[in-house]
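>>> based on what follows, work out the 3D shape:
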Amino acid sequence: MNQHSQMPPGYRSRIDVSVSTSVLVAQLATHFAPEPGEFVLNERLHTLSLELQVKQSFAVGRFEMGGAPGEFSDIGRALFVPAGVPLRIRSDGVLTNTIRCFFRPPKLEELLGEEIDQSRNRLNSCLNVKRPVVRDLLLRIAREIETPGFASARLLDALSDLLLVELVRYLRETPADGNLLRGGLSRAAYRKVVRRLEEDGPPPSLDELAALAELSKRHLTRAFHETTGMTIHQQLDELRLKRATTLLDDPELSIAEIGERLGFRSGSAFSTAFARWSGKSPSRYRGELVRSRDLRKEELGNLPQTTYQTRQQ
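Numbers count the residues shown, from 1 in each chain. Take a look at the predicted model:
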């Protein structure tokens, strides 16, 4: 493990796959907390993580530095934890799947050109990395790890370099005075909107979401982007297509049925959107899932029973 942390009773974590590149080590991991609780995470290496499960978990956190502790802030899907800075987290207590990237020292510092600023405002901006391209790259790396294709190692090296550059740009562009953190949705309104976006079926209208958040449509649109770094439409697309990767694992569902369940006008509209998002058609993605699952069963059949199963790329 890359951490020395205080975890709550019953907390379990499993590394499903681990892959190394010249820039980082990427892991797909599963975490389970049986009930709401509080714990401290202290990473030894600079760590960037992203939730992968369909339903978003909700948590708040604060970095514990010298002096009086700050207030808890919402943790987004993408979280960056600088090495050696303890992060106290209050979690709902759920099963979460994540991709975690541990940057090899001193790759990040060399590109950043300075030590990571540990002022409270800059650290708070790390709790919710509001840069869509960072989330997109993490998702792409996760997909490549799950279903590696031709020249996978070379592609992962390239994606890792891009991820490092985009993260450093985010850290350099974050204002020290905390302006990035002003505005946005209240915690209650944000949760209502996200949970409605996660539901199956036709997507909600902007009028419906505004009514849920008790805001005008204009205020909701601006505040949602301020909170997440994404438009509502971008968030909806991400949620629907992540849901698609789960539904495609069910052989009883046709491509057209999946598209209808996700609220697309037709099976062809779903196929086009999925290919644009993943770089693969739904049928090809489904075939790779089957082959990957069969290969994993074969690999595990030749291994002794263990808590962690790790494959090195």
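
>>> how about the strands of this protein, start to end?
Secondary structure of the chain (DSSP state E): strands at 12-20, 24-32, 37-41, 47-51, 59-63, 73-75, 78-81, 87-91, 95-103.

>>> quick check: which of these is nearest to Asp250?
If you check each of those against Asp250 by C-beta to C-beta, strand 95-103 wins as the nearest, at 17.3 Å. (Glycine included, C-beta is placed from N, CA and C.)

>>> who touches the closest one?
For strand 95-103, contacts defined as C-beta atoms under 8 Å, 6 or more residues apart in numbering pick out 2, 23-32, 43, 45-53, 57, 138-139, 141-142, 145, 160, 163-164.

>>> quick one: mean pLDDT for it?
Mean pLDDT, strand 95-103: 93.

>>> strand 59-63 and that one, what's the angle between them?
With axes from the mean of the first three to the mean of the last three C-alpha atoms, to 10 degrees as the basis, strand 95-103 and strand 59-63 are set at 30 degrees to each other.

>>> in its sheet, what does strand 95-103 sit against?
Strand 95-103 pairs in its sheet with strand 24-32 (antiparallel), strand 47-51 (antiparallel), by DSSP bridges.

>>> what is the burial count for the closest residue in space to Ile232 that isn't next to it in sequence?
Nearest non-adjacent residue to Ile232, counting by C-beta to C-beta, 6 or more residues apart in numbering: Phe224, 5.3 Å away. When counting by other C-beta atoms under 10 Å, one arrives at 24 neighbours for Phe224.

>>> circling back: if any of the contacts of strand 95-103 are buried, give me the PyMOL selection for them.
Of those, the buried ones go into a single PyMOL selection, burial set by 16 or more other C-beta atoms under 10 Å:
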select buried, resi 23+24+25+26+27+28+29+31+43+45+46+47+48+49+50+51+52+53+57+138+139+141+142+145+160+163+164
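
>>> before we move on, the earlier item: ok, the residue nearest to Ile232 touching Gln234?
No: the pair Phe224 / Gln234 is not scored as a contact, 9.8 Å apart, by C-beta atoms under 8 Å.

>>> give the contact list for Glu126.
No, residue 126 isn't Glu; it's Cys. Applying C-beta under 8 Å, 6+ apart, the residues near Cys126 are 63, 79-82, 171.

>>> with the residues you listed in mind, which one is nearest to Leu206?
When the contacts of Cys126 are compared against Leu206 (criterion: C-beta to C-beta), the nearest one is Leu79, at 28.3 Å.

>>> which residues touch the closest residue to the closest one other than its chain neighbours?
Nearest residue to Leu79, sequence neighbours excluded (C-beta to C-beta, 6+ apart): Ser49, at 5.2 Å. Counting by C-beta under 8 Å, 6+ apart, Ser49 touches 78-81, 98-101.

>>> who wins for neighbours among those?
Highest count within these by other C-beta under 10 Å belongs to Cys101, 26 neighbours.

>>> how about low-confidence regions in the stretch 101-250 of the chain?
175-183 (pLDDT under 70).

>>> could you give the angle of the helix ranked longest in the chain to strand 24-32?
In the chain, taking DSSP state H as the definition, the longest helix is helix 152-173. Here helix 152-173 points in a direction 90 degrees away from that of strand 24-32 (the same axes, to 10 degrees).

>>> got a list of contacts for helix 152-173?
Residues contacting helix 152-173 (C-beta under 8 Å, 6+ apart): 19, 21-24, 26, 48, 80, 101, 103, 107-108, 111-112, 116-117, 122, 126, 129-131, 133-134, 137-138, 140-141, 144-145, 149, 313.

>>> go again using 6 Å as the cut-off
21-24, 111-112, 131, 133-134, 137, 140-141, 144, 313 (C-beta atoms under 6 Å, 6 or more residues apart in numbering).

>>> mind listing what's buried in it?
Quick answer for helix 152-173 (16+ other C-beta under 10 Å): 155-157, 159-164, 166-168, 170-171.

>>> could those residues be laid out in a markdown table, adding distance to Glu38?
A markdown table is the format used below for the buried residues of helix 152-173 (distance: C-beta to C-beta, whole Å):
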| residue | distance to Glu38 |
| --- | --- |
| Leu155 | 39 |
| Leu156 | 35 |
| Asp157 | 38 |
| Leu159 | 34 |
| Ser160 | 33 |
| Asp161 | 36 |
| Leu162 | 35 |
| Leu163 | 30 |
| Leu164 | 31 |
| Glu166 | 31 |
| Leu167 | 27 |
| Val168 | 31 |
| Tyr170 | 27 |
| Leu171 | 27 |
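
>>> cool, thanks, signing off.
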